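Asker: Generate a structure from the sequence data that follows.
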Amino acid sequence: MPVAHFLSRCLSRLLAGGLLAVLAGPLVAEDPAFSIQGFATLGATRSDSRELEFVRDLSQPRGARLEWTPSVDSVAGVQADWRLTPALTATVQAVSRYRHDRSYAPELAWAFLRYEATPELSWRAGRLGTDFFMLADSRLIGYSYLTVRPVGDFFWHLPFSSIDGVDLLASRVFGDGVLRGKLFYGAPSAHLPLAQEQWKIDDSPMAGGYLDWQQGSWQWRAGYAALRFNHDLPLAGTLARLLPEPWLAESLAHLKTAGRRSDYYSLGAVYDDGPWQVQLMVNRIEQQSAAFESSHAASLLLGRRFGGVTPYLGYSLARSSPKRERLNPVVDRVMADSHVQQSTSTAGVRWDVARHTALKFQWDGIRAASTSLFPFRDDPAGGRWSGRMNVYSLTLDYVFR
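Answerer: Okay, the predicted model is just below:
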């Protein structure tokens, strides 16, 4: 295990223990340097598909079909910030949501120390949110989004929301704009469900950063990250049951992920002047492993606020490139699971019914090729479906400070 990864994990656990001690001490709780805030989303989601289940992201082993379910979008979290010194702050955020092991067990989303060396330079160590994709670090806080959830076509290929590691942030004012840059190193804090197995990626090293320019109502960001997997997909048992011995070793070698890399490139622009909101984002993910297809995605969102009501429209698409290598039908089927060729039209309305409370209704119309299976659950036999899915979502978002 890399030293930085080990130290960040120890720090996360120490911070979590420190938070419990703080919460237990009423004298510390009255300290103005200590604050608690939280968020919650109560959601209900259904689709009109009998073939596939709609999921929010790849961490969810099951999703929504014909019946309303709260599991896709419901989440609750609490965050504590404690200013230890004028330059040093501790932050812990715990959340409960539907997770890879089909439970709602609380988990640490953030747990880090932040040190401000100067007003323009700071570093953090511990469990950190991922933000090399624009708007990615607050994906669990529904209230922070105009839409019910982050755009799936754009964010589905980023299956984790935090890393254990360190980052360095620098900023500089130029005229009436601010330029920010960040570098980070760590490992994702996630397991991904694959059928009845779990794929371990929480000790896979990852490094990257972004450049961000903010001026007036505009914000622009370019990001990059590279993730090198330390473990293969948990396919050995399944392939052993389906393939004769002479093909097994060759098939596992062909689908190898350990030592292979994923490269994430992204560009984003956000405009927000109060009444109008516009978001435009594009990404490209290059996959070295034959088990996954490289892909690109784009998303456009437009909203207009009228008092407390904000209707919005969106359009997104995702495309991947099939691998040319073919070994046998079993391996081909595994490779086809990462294929995506679809677009999504979105229409919704957000009603800020009270301070820090928002009610949202959203329709997503997914139109895909019959072979586009990523990232849906319960893939049909033969790897094909109708390619049409309508998703209906209703959420109540709340934050407290």
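Asker: State the distance from the closest residue to Ala125 other than its chain neighbours to Ser262.
Answerer: Spatial nearest neighbour of Ala125, chain neighbours left out: Val166 (4.6 Å); criterion: Cβ to Cβ, 6 or more residues apart in numbering. In short, each C-beta sits where N, CA and C put it, glycine included. Counting by Cβ to Cβ, to the nearest Å, the separation of Val166 from Ser262 is 21 Å.
Asker: relative to its centroid, which residue of this protein is most remote?
Answerer: Residue farthest from the centre of the chain, counting by Cα atoms, centre = their mean, is Pro246 at 39.1 Å.
Asker: gap between the helix or strand hosting it and the chain center?
Answerer: Assigned by DSSP states H and E, Pro246 belongs to helix 245-254. Computed by Cα atoms, centre = their mean, to the nearest Å, the separation of helix 245-254 from the middle of its chain amounts to 33 Å.
Asker: what do you get for stretch 156-165?
Answerer: With Cα atoms, centre = their mean, you get 6 Å for stretch 156-165.
Asker: try stretch 215-235
Answerer: 10 Å.
Asker: distance between the ends of that stretch?
Answerer: 49 Å (Cα to Cα, to the nearest Å).
Asker: so when I look at Arg124, I'm seeing a strand, right?
Answerer: Yes - if the criterion is DSSP: H, G, I helix; E, B strand; the rest coil, then Arg124 is within a strand.
Asker: if we can go back for a sec, residues in contact with the host helix or strand of the residue nearest to Ala125?
Answerer: Per DSSP H and E: Val166 is located in strand 162-174. Applying Cβ atoms under 8 Å, 6 or more residues apart in numbering, the external contacts of strand 162-174 come out as 4-5, 8-9, 12, 109-110, 120-130, 178-190, 202, 206.
Asker: So which of these belong to strands?
Answerer: 109-110, 121-129, 178-188, 206 (DSSP state E).
Asker: Can you name the helix or strand that Ala269 falls in?
Answerer: strand 261-272.
Asker: and for that strand, what are the contacting residues?
Answerer: Residues contacting strand 261-272 (Cβ under 8 Å, 6+ apart): 132-135, 157-158, 208, 217-229, 277-289, 292.
Asker: got the residue ranges for the helices in the stretch 301-401 of the chain?
Answerer: 329-336 (DSSP state H, counting those that start in this stretch).
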